[in-house]
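Chemist: sharing a model that was predicted from the sequence below.
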Amino acid sequence: MSQSSLNDIFRSYTNKVGLFKDKNALSSDFTPDNIPHREKQIEELAHVIAPVLRNEKPSNIFIYGKTGTGKSLCIRKVTSSLEEAAKESGRKVKIIYINCKMKKISDTEYRMLTNIISFFGENVPFTGLPTNTLYQKLTKHIENYGGSVIFVFDEIDALLGKVGNEILYTITRINQDINSSGSKITIIGISNKVGFIDQLDPRIRSSLSEEEMVFPPYNAQEIKDILEARVSMAFNENTVEYGAIRKCAALAAQENGDARKALDLLRVAAELCEREGKTTVNESYINKAQAKIDKDRVVEVVKSQPKHSKIVLLSMIKLYGKSQKAMQTGDVYMLYEKLTNQYGLKALTQRRVSDLISELDMLGVINASIVSKGRYGRTRKINLQLNPDLIKIMTRTLAYEFPESFLNV
DNA sequence: CTTCCACAGGAAGGTCTGGCGG
DNA sequence: CCGCCAGACCTTCCTGTGGAAG
């Protein structure tokens, strides 16, 4: 690229009035003053936790709703105004908001506890101590606090199994143990899996769902309202065509009424548009944005996979390249073994590879389902229903790490 | 109806890393 | 320095299973 064209790029940025007025308004952690179509839920939530202001213990709440239905947003809104109200009336209220899905931060029992304790101002070593010690520390902190402590566990379904049961059970038990100290604990659980509550330990289940709330998916009309409100905040006037908004809403409504998705689409579309130097976002950019989001996600995931997982994926791409049709675990494993040998690596067991395959499935890189072929066994049918473009990109991503000869087997 | 394939996927345990406190 | 701990990542061993073929 010549120097002058580089100058052009920068000049065009400074001279032109951009599309965006405040891009922040499209980000997923932006809390607008007004949350459309959630007035009822917000009111109900407020009623449930209001007793805090009278030093009474509110019911625990369990909130269910699909991704992008405004659960976290409403909770954030309600808890922050509760904090304000508490400050005015001199009540002690502490909100402990934990997103359980945060990798490396709150996805294990130990890390979760570290995270919670940090809300009380103590920094615990991120490894090394026995969990027991952490539980003791936490109990002490809550006892000493002498006010209302509200735990918000967002995406609580991410800690299914032992981790979740252990933590939730202990926290509910702390509540009973410290009755005398004046501290009160309330738990708000947020999940996007319907069946989550049934998979919990019965002792926790009843206590967690004293109060239940459902956030229904937004329909296309509602998403359109949301988008319009945000568009006027985020963009300069007359930069987004109505058709683009409609398209966005339609796409997002298809995907379980996910408003976050709609906002992402719009943001990416506008970024693409801006990059091309155009001044109005129209429908075609929404389509491009959709494709870009999908592509970026897959590429990102593939890049961050560990080596063996990449080789497994490579095996699948090669098999797919040959036959263009679905394959099964055994086929993939055979090729995988061959490849690892060539690379001078020790192959993992089939048991492990089976897990890697199902991980790739969950990450949406491949599409696998269990099928029974009667006499010919029961296995995973693996499909790479990716477009050729994506397969090319994946191969290139993988080729970056493996020698050329390796790729042409 | 039974058989039997080709795995799925649970359980338990091993090994390694990074880090604690004494 | 030691012994201990949590967690990531694997292996070993295992039981379970949908449905075409016989």
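Modeler: Alright, I've got the coordinates. Predicted, not measured: the structure shown is a model, and the values here were computed from it.
Chemist: switch to C-alpha atoms for all contacts and neighbour counts from now on
Modeler: Will do.
Chemist: so A:T79 versus DNA strand C, what's the distance?
Modeler: According to C-alpha to the nearest atom of the strand, to the nearest Å, A:T79 and DNA strand C sit 28 Å apart.
Chemist: in what helix or strand does that residue lie?
Modeler: With the criterion set as DSSP states H and E, the secondary-structure element containing A:T79 is helix A:71-89.
Chemist: whichever strand or helix holds A:L138 near DNA strand B anywhere?
Modeler: Per DSSP H and E: A:L138 is located in helix A:131-145. No: contact check for helix A:131-145 against DNA strand B, using C-alpha under 7 Å from any atom of the strand: none in range, with a minimum separation of 9.2 Å.
Chemist: what packs against that helix?
Modeler: Applying 3 or more C-alpha pairs under 8 Å, 6 or more residues apart in numbering; DSSP states H and E, we find helix A:131-145 packed against helix A:109-118.
Chemist: buried residues in the helix it packs on?
Modeler: Residues A:109-117 are the ones in helix A:109-118 that count as buried (16 or more other C-alpha atoms under 10 Å).
Chemist: elements contacting it?
Modeler: Under the contact criterion of 3+ C-alpha pairs under 8 Å, 6+ apart, the helices and strands touching helix A:109-118 comprise strand A:93-99, helix A:131-145, helix A:162-177.
Chemist: where along chain A do the strands fall?
Modeler: For chain A, the strands defined by DSSP state E cover A:61-65, A:93-99, A:148-154, A:184-191, A:211-215, A:327-328, A:367-372, A:378-383.
Chemist: touching the helix holding A:T79 from outside, list them.
Modeler: Outside helix A:71-89, the residues within contact range by C-alpha atoms under 8 Å, 6 or more residues apart in numbering are A:29, A:31, A:35, A:38, A:41-42, A:45-46, A:50, A:53, A:63-65, A:92-95, A:154, A:190, A:215.
Chemist: can I get it in CSV? Just the C-alpha atoms.
Modeler: Taking Å, rounded to 0.1, in the frame of the first residue of the first chain, the C-alpha atoms of helix A:71-89 are listed here in CSV:
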residue,chain,number,x,y,z
LYS,A,71,-32.9,-11.0,31.5
SER,A,72,-29.5,-9.6,32.5
LEU,A,73,-30.5,-6.2,31.3
CYS,A,74,-33.5,-6.0,33.5
ILE,A,75,-31.7,-7.4,36.5
ARG,A,76,-29.0,-4.9,36.1
LYS,A,77,-31.5,-2.1,35.8
VAL,A,78,-33.5,-3.2,38.9
THR,A,79,-30.5,-3.9,41.1
SER,A,80,-28.8,-0.7,40.4
SER,A,81,-31.8,1.4,41.2
LEU,A,82,-32.3,-0.7,44.3
GLU,A,83,-28.8,0.2,45.3
GLU,A,84,-29.6,3.9,44.9
ALA,A,85,-32.7,3.6,46.9
ALA,A,86,-30.9,1.8,49.6
LYS,A,87,-28.2,4.5,49.7
GLU,A,88,-30.9,7.1,50.2
SER,A,89,-32.6,5.3,53.0
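Chemist: angle of that helix against strand A:211-215?
Modeler: Between the axis of helix A:71-89 and that of strand A:211-215 there is an angle of 130 degrees, by axes from the mean of the first three to the mean of the last three C-alpha atoms, to 10 degrees.
Chemist: filter the contacts of helix A:71-89 to the buried ones?
Modeler: In those, burial by neighbour count holds for A:31, A:38, A:41-42, A:45-46, A:50, A:53, A:63-65, A:92-95, A:154, A:190, A:215, counting by 16+ other C-alpha under 10 Å.
Chemist: related to what we said a few turns ago, redo the buried residues of helix A:109-118 as a markdown table? Include pLDDT and distance to DNA strand C.
Modeler: Formatted as a markdown table, the entries for the buried residues of helix A:109-118 read as follows, by pLDDT from 0 to 100; distance: C-alpha to the nearest atom of the strand, whole Å:
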| residue | pLDDT | distance to DNA strand C |
| --- | --- | --- |
| A:E109 | 90 | 4 |
| A:Y110 | 93 | 3 |
| A:R111 | 93 | 5 |
| A:M112 | 93 | 7 |
| A:L113 | 94 | 8 |
| A:T114 | 95 | 9 |
| A:N115 | 94 | 11 |
| A:I116 | 95 | 13 |
| A:I117 | 95 | 14 |
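Chemist: which of these sits closest to A:A253?
Modeler: The shortest separation between A:A253 and any of the buried residues of helix A:109-118 is 33.8 Å, and it belongs to A:M112 (by C-alpha to C-alpha).
Chemist: the inter-axis angle of the helix holding A:T79 versus strand A:61-65?
Modeler: An angle of 150 degrees separates the directions of helix A:71-89 and strand A:61-65 when computed by the same axes, to 10 degrees.
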